[in-house]
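Kindly generate the corresponding structure for this input.
(2 chains)
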Number of protein chains: 2
Amino acid sequence: MDKDFLQKFIDIKRETKEMINIDPLQAGGKLTNEARQALVEWGDGFSVCDFCPGRLEGIKKPPIYDFVYQALPEFIGADIVHLTHGAREGKFLIMHAVAQPNDFIIIDKNAHYTTYVAAERAGLEIKVMENSGYPEFKINVDDYEKIIKKTRNEQEGKIALVVLTYPDGNYGNLPDAKRLATISKKYKIPFLLNTAYAVGRMPINMNEIGADFIVASGHKSMASSGPIGFIGMKKEWEDILFKKSQYFKKKEVEILGCVSRGTAIMTLMASFPSVVERIKKWPEQVEKAQWFSEQMEKLGLKQLGEKPHKHDLMFFEAEKLYEISKTHKNRAFFLYKELKKTNIWGIKPGLTKNFKLSTFAANKEELQKVVEVFVSLLD
Amino acid sequence: MDKDFLQKFIDIKRETKEMINIDPLQAGGKLTNEARQALVEWGDGFSVCDFCPGRLEGIKKPPIYDFVYQALPEFIGADIVHLTHGAREGKFLIMHAVAQPNDFIIIDKNAHYTTYVAAERAGLEIKVMENSGYPEFKINVDDYEKIIKKTRNEQEGKIALVVLTYPDGNYGNLPDAKRLATISKKYKIPFLLNTAYAVGRMPINMNEIGADFIVASGHKSMASSGPIGFIGMKKEWEDILFKKSQYFKKKEVEILGCVSRGTAIMTLMASFPSVVERIKKWPEQVEKAQWFSEQMEKLGLKQLGEKPHKHDLMFFEAEKLYEISKTHKNRAFFLYKELKKTNIWGIKPGLTKNFKLSTFAANKEELQKVVEVFVSLLD
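Coordinates of the predicted model:
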């Protein structure tokens, strides 16, 4: 193989590393210093398996067992936690374990694309619970009752699962999950709450909400390297989701024995004490998000989704920027380029009229700089 | 949450990091310096997604696209490569995509446990191709023909897949994969070669062998952090294994959109130029393995599996050590403890009579030290 060609794979720098990050996908996954140390210490393949008793989650040195069986369940208010490669893999695992092909699944219109794709992989029929449309795109959970009844009346198959995204990744809306738990209980349908953008950012208690399962993401919201996430569940589901192999009695079928056989579990653990601290400051995060939204609206942009806003993820509509882009020399890329020039990262190249961002990782001074770029562009 | 309890998750040192490593699971996954740099640079969650065009493997900056579409296919002699979380996830993906529940799968007796568990997760019926038993435990691939005929005569279902482990993780045997490809073609059954312990250690060419699919592991054999691996396949399988979602046209269903959204793909890439170099030295690795086997046999241990041995993985039977363990103060742990004392890592605690190891990561001087420990114990 050509040596010059091979050179391109080494010593690659990440140019955005030190920038102000408002990318919704990245704002909650930036490593702590503790996690960065863990990365290096535990980087080698299968390093965590030095003292393996037969399954990853049983490892006591490093203390993965204490983390999975004690720290995480307490943190999210679940009876049981098991690791996965991420929230999407958790969703597929649950669907694959509790549903049969051609069963129905009811998901909210604001669901992440991976909820659709996981259901598709599991062979499920998807029924979509609509949102309220422009401008708030709210999910009224009471409507789930209608769709449950309608599906039961009109369809042969079983409704295997109800899913709610909390919050969704576009608008950062937080629907009434507790109420949906009551509805799903009434109809005896298991309820999965997707908290990929919640656990690690804000306080979440699965048992208080009343969900059967939640999925969470380390690389999305817990200052961890990826891919890693977990499922929280009520005790009664453990034997169904994590049933042991008929061939190897210690190995769980749905995770193919072990999941995160590498450094990601170590970064998730190393950041955990900081994550426990940061969720205590969630009210300040919400205040910062609302402040930012106000500043942007003063400039004539419109924040879509719930208002007053209760999450750091938000979506803006910006007619004026779109107008400017029509005649700007960089066209639709002008907003992206202007932000990059001022060391701000996270709004997708080519977007001007509609874009999403997160205020989670940036502090108020940094967000002030973001506002100033918008001021200068709209001047 | 209690602060003292939380402290246990940070600043955890890996005591085995600098030891001579003969652990079969770890010997091929030790990072290169280039990979260690990549870890730190790309450690943040979703860092590789800075310039995402809609799917991970399409990312050109960093050059994941060139790596997956050009470098890896050329390296393993496959038409197409796609990333997975590892070899086991690759096996499940293939089984899930090409087989229906209750179909039959024929696997070799030496298969890794994850081959069983992946088939179990996919709902498949497993038929096991026996090995030759003690002491070589060889897979005679011609016997596959018998089991194919027998299964077809006696069973209703379809044989969806034939699997061969190359080499297996216990004995390091390398069966005649090329011959099995011919047999599987004759019976029109797709053929999967599990090369988790081959790709990255020794030269492998999927198309020369004639397999339909191979699975490989970054953290096991390519000096990469985990979890990461890939599937190599013939072109005609791509649309079946990696079919696009009906809901999101860029997203592939079986990988739920994207797999390795983190640092592992960067370590796999960064180590790749070194891996390309190291497989050129495979004849020296085999020579070293055979030399080590001879030294151990001179001491009265017996190397099981194929002889002369053609792989760094090997299995020993050590009656004399077992005898010593019966009266030693550390009992069955004495071998593990004696090795650890001399800075040697990789034989499982509690084993004396039968154990496996790998000579891949240790150089000849280091292996000489290993031999000397055995000399001293058997003296």
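
Name the SS class of residue A:285, please.
Here residue A:285 is recorded as helix under DSSP: H, G, I helix; E, B strand; the rest coil.

what about it, how many residues close to it?
Using other CB atoms under 10 Å in any protein chain shown, residue A:285 has 19 neighbouring residues. Where C-beta positions appear, they are placed from N, C-alpha and C, glycine not excepted.

Touching, it and residue A:358? I think so.
No. Contact criterion CB atoms under 8 Å: residue A:285 and residue A:358 do not qualify, at 9.9 Å.

Now do the shared contacts for the two.
Taking CB atoms under 8 Å, 6 or more residues apart in numbering or on different chains as the criterion, residue A:285 and residue A:358 both touch residue A:312.

show me where the stretch 51-200 of chain A has strands.
A:80-84, A:104-108, A:125-129, A:159-165, A:191-194 (DSSP state E, counting those that start in this stretch).

Indicate which one of the ones you listed is closest to residue B:323.
strand A:80-84 (41.2 Å; CB to CB).

partners of that closest one in the sheet?
strand A:229-233 (antiparallel) (DSSP bridges).

from the middle of its chain, how far away would the partner strand be?
12 Å (CA atoms, centre = their mean, to the nearest Å).

Likewise for stretch A:41-58?
Taking mean C-alpha positions (CA atoms, centre = their mean), stretch A:41-58 and its chain are 26 Å apart.

Tell me which residues of it come out buried.
Going by neighbour count (16 or more other CB atoms under 10 Å in any protein chain shown), the buried part of stretch A:41-58 is A:41-50, A:52, A:55-57.

same deal with stretch A:178-188?
A:180, A:181, A:183, A:184.

if I pick the nearest residue to residue A:344 once chain neighbours are set aside, what's in contact with it?
In this structure, residue A:344 finds its nearest non-sequential neighbour in residue A:20, 4.8 Å apart by CB to CB, 6 or more residues apart in numbering or on different chains. Residue A:20 is in contact with A:343, A:344, A:345, A:362, A:366, A:369, A:370, counting by CB under 8 Å, 6+ apart.

who wins for proximity to residue B:329 among the strands of the stretch 51-200 of chain A?
Residue B:329 lies closest, by CB to CB, to one member of the strands of the stretch 51-200 of chain A: strand A:80-84, at 37.8 Å.

what comes into contact with that closest one?
With CB under 8 Å, 6+ apart as the criterion, strand A:80-84 contacts A:56-57, A:68-69, A:72-73, A:90, A:93, A:215, A:228-235, A:237-238, A:241-242, A:252, A:255, A:259-260, A:265.

Then stretch A:229-236?
Contacts of stretch A:229-236 from elsewhere in the structure, counted by CB under 8 Å, 6+ apart, are A:68, A:72-73, A:76-87, A:89-90, A:93-94, A:196, A:206-207, A:212-220, A:241.

which stretch of helix or strand covers the residue lying closest to residue A:1 once chain neighbours are set aside?
Residue nearest to residue A:1 in three dimensions, not counting chain neighbours: residue B:276, with 5.4 Å by CB to CB, 6+ apart. Using DSSP states H and E, residue B:276 maps to helix B:263-280.

CA atoms only for that helix, dumped as CSV, please.
The C-alpha atoms that make up helix B:263-280 are tabulated as CSV, following Å, rounded to 0.1, in the frame of the first residue of the first chain:
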residue,chain,number,x,y,z
THR,B,263,-12.4,7.9,19.2
ALA,B,264,-12.1,4.2,18.3
ILE,B,265,-12.3,4.8,14.5
MET,B,266,-9.5,7.4,14.9
THR,B,267,-7.2,5.0,16.8
LEU,B,268,-7.9,2.3,14.2
MET,B,269,-6.9,4.7,11.4
ALA,B,270,-3.9,6.0,13.3
SER,B,271,-2.5,2.5,13.9
PHE,B,272,-3.3,1.4,10.4
PRO,B,273,0.1,2.3,8.7
SER,B,274,1.9,0.4,11.5
VAL,B,275,-0.5,-2.5,11.1
VAL,B,276,0.2,-2.7,7.4
GLU,B,277,3.9,-2.9,8.2
ARG,B,278,3.6,-5.4,11.0
ILE,B,279,1.7,-8.0,8.9
LYS,B,280,4.7,-8.1,6.6
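
buried residues in that helix?
B:263-276, B:278-279.

returning to what we had before: do you know how far the residue nearest to residue A:1 is from residue B:72?
11 Å (CB to CB, to the nearest Å).

Could you list the residues of the stretch 151-300 of chain A in contact with chain B?
A:218-220, A:223-227, A:245-248, A:251, A:253-254, A:256-257, A:259-264, A:266-267, A:269-270, A:272-273, A:276 (CB under 8 Å from any CB of the partner chain).

The same query, at a cut-off of 6 Å, please.
A:219, A:224-227, A:245, A:247-248, A:251, A:253, A:256-257, A:261-263, A:269-270, A:272-273, A:276 (CB under 6 Å from any CB of the partner chain).

are any of the residues you listed buried, and which?
Members of these classed as buried by 16+ other CB under 10 Å are A:219, A:224-227, A:245, A:248, A:251, A:253, A:256-257, A:261-263, A:269-270, A:272-273, A:276.

who wins for neighbours among the contacts of residue A:20?
residue A:362 (24 neighbours).

which ones are touching that one?
When contacts are counted by CB atoms under 6 Å, 6 or more residues apart in numbering or on different chains, residue A:362 touches A:20, A:22.

Name the SS class of it, please.
Per three-state DSSP, residue A:362 ends up coil.

And the helices in the stretch 1-150 of chain A?
With helices called from DSSP state H, counting those that start in this stretch, the stretch 1-150 of chain A shows them at A:3-7, A:33-41, A:64-66, A:72-76, A:87-98, A:113-121, A:143-154.

go on, the stretch 201-350 of chain A?
A:206-209, A:218-221, A:238-241, A:263-280, A:282-298, A:319-327, A:334-341.

quick one: the fourth one to helix A:282-298, angle?
Meaning helix A:263-280. 80 degrees (axes from the mean of the first three to the mean of the last three CA atoms, to 10 degrees).

same thing with the last one?
With the same axes, to 10 degrees as the basis, helix A:334-341 and helix A:282-298 are set at 130 degrees to each other.

Residue A:107 versus residue A:165, what's the distance?
With the distance defined as CB to CB, residue A:165 ends up 8 Å from residue A:107.

My error: substitute residue A:24 in the last question.
Residue A:24 is 20 Å from residue A:107, where distance means CB to CB.

Now the stretch 251-379 of chain A against chain B: closest residue?
Ranked by CB to the nearest CB, the top residue of the stretch 251-379 of chain A for proximity to chain B is residue A:262, at 3.2 Å.

OK, contacts around that residue?
B:219, B:225, B:226, B:227.

Give me the buried positions along stretch A:118-138.
Buried-residue list, stretch A:118-138, by 16+ other CB under 10 Å: A:118-122, A:124-127, A:129, A:131, A:137-138.

With just CA atoms, put that stretch into PDB.
Output of stretch A:118-138 as PDB, limited to C-alpha atoms (Å, rounded to 0.1, in the frame of the first residue of the first chain):
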ATOM      1  CA  ALA A 118     -34.200   0.700  15.500                       C
ATOM      2  CA  ALA A 119     -37.900  -0.100  15.100                       C
ATOM      3  CA  GLU A 120     -37.300  -0.900  11.400                       C
ATOM      4  CA  ARG A 121     -34.400  -3.200  12.300                       C
ATOM      5  CA  ALA A 122     -36.600  -5.000  14.700                       C
ATOM      6  CA  GLY A 123     -39.300  -5.400  12.000                       C
ATOM      7  CA  LEU A 124     -41.900  -3.300  13.900                       C
ATOM      8  CA  GLU A 125     -44.700  -1.300  12.400                       C
ATOM      9  CA  ILE A 126     -44.400   2.400  13.500                       C
ATOM     10  CA  LYS A 127     -47.400   4.500  14.400                       C
ATOM     11  CA  VAL A 128     -46.400   8.200  14.900                       C
ATOM     12  CA  MET A 129     -47.900  10.400  17.500                       C
ATOM     13  CA  GLU A 130     -48.100  13.900  15.800                       C
ATOM     14  CA  ASN A 131     -46.900  17.100  17.400                       C
ATOM     15  CA  SER A 132     -48.800  20.400  17.600                       C
ATOM     16  CA  GLY A 133     -46.900  21.800  14.500                       C
ATOM     17  CA  TYR A 134     -45.400  25.200  14.000                       C
ATOM     18  CA  PRO A 135     -44.300  27.100  16.100                       C
ATOM     19  CA  GLU A 136     -44.100  24.900  19.300                       C
ATOM     20  CA  PHE A 137     -44.100  21.400  17.900                       C
ATOM     21  CA  LYS A 138     -45.400  20.100  21.200                       C
END
